[in-house]
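A.B. asks: Have a look at this prediction, sequence included:
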Amino acid sequence: MNILVGYSGMGISNKALVLAREHARLFGAKVFVLTSMEGGSGEKLDEIERMENSLEEARQFMAEQGVDCETHQLARGMSPGEDVVKFAQDNAIDLIYVGIKKKSKAQKIILGSTAQYIILKAPCPVVAVK
């Protein structure tokens, strides 16, 4: 079994990471921890380094319980939702964990929702963590 965690290194994505680790430990699954950055000149070096450090912490967090884990920092010019769905399709992912945060109705209309996109487009079940 392959599990994917959409990861930002903050708050709610850490809760998703904890649940994914427990699931992976119980079922002997491999975990892919993925962060998506848009790439290009808009990315700041300190943001890239912060995410690299966060991904390493996530990998170590999984290793503490003996969970097989790969981390990926993607910058393919896609939205985070598109990146997660494409990665899931390309890597035979069986289950996705994503953190969700409450937005107002106006924010959802204007900005959309990464989690909503993943839930609707993913090729496998999605666990939304709040």
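C.D. replies: The structure has been received and is ready for your questions. Residues are numbered from 1 along each chain as shown.
A.B. asks: Please list all residues in contact with residue 6.
C.D. replies: When contacts are counted by C-beta atoms under 8 Å, 6 or more residues apart in numbering, residue 6 touches 13, 16, 34-36, 80, 84, 96-99, 114-115, 118. From N, CA and C alone the C-beta is placed, and that goes for glycine too.
A.B. asks: Residue 126 reaches residue 116, doesn't it?
C.D. replies: No - taking contacts as C-beta atoms under 8 Å, residue 126 lies outside contact range of residue 116: 10.1 Å.
A.B. asks: pLDDT weak spots in this protein?
C.D. replies: Per-residue confidence for the chain (pLDDT under 70) gives these ranges: 39-43, 102-112.
A.B. asks: hang on, residue 96 is in a strand, isn't it?
C.D. replies: Yes - with the criterion set as DSSP: H, G, I helix; E, B strand; the rest coil, the secondary structure at residue 96 is a strand.
A.B. asks: So the closest residue to residue 25 other than its chain neighbours versus residue 101, what's the distance?
C.D. replies: What sits nearest to residue 25 in space, not counting adjacent residues and going by C-beta to C-beta, 6 or more residues apart in numbering, is residue 65, at 5.1 Å. Spatial separation of residue 65 from residue 101 under the definition C-beta to C-beta, to the nearest Å is 26 Å.
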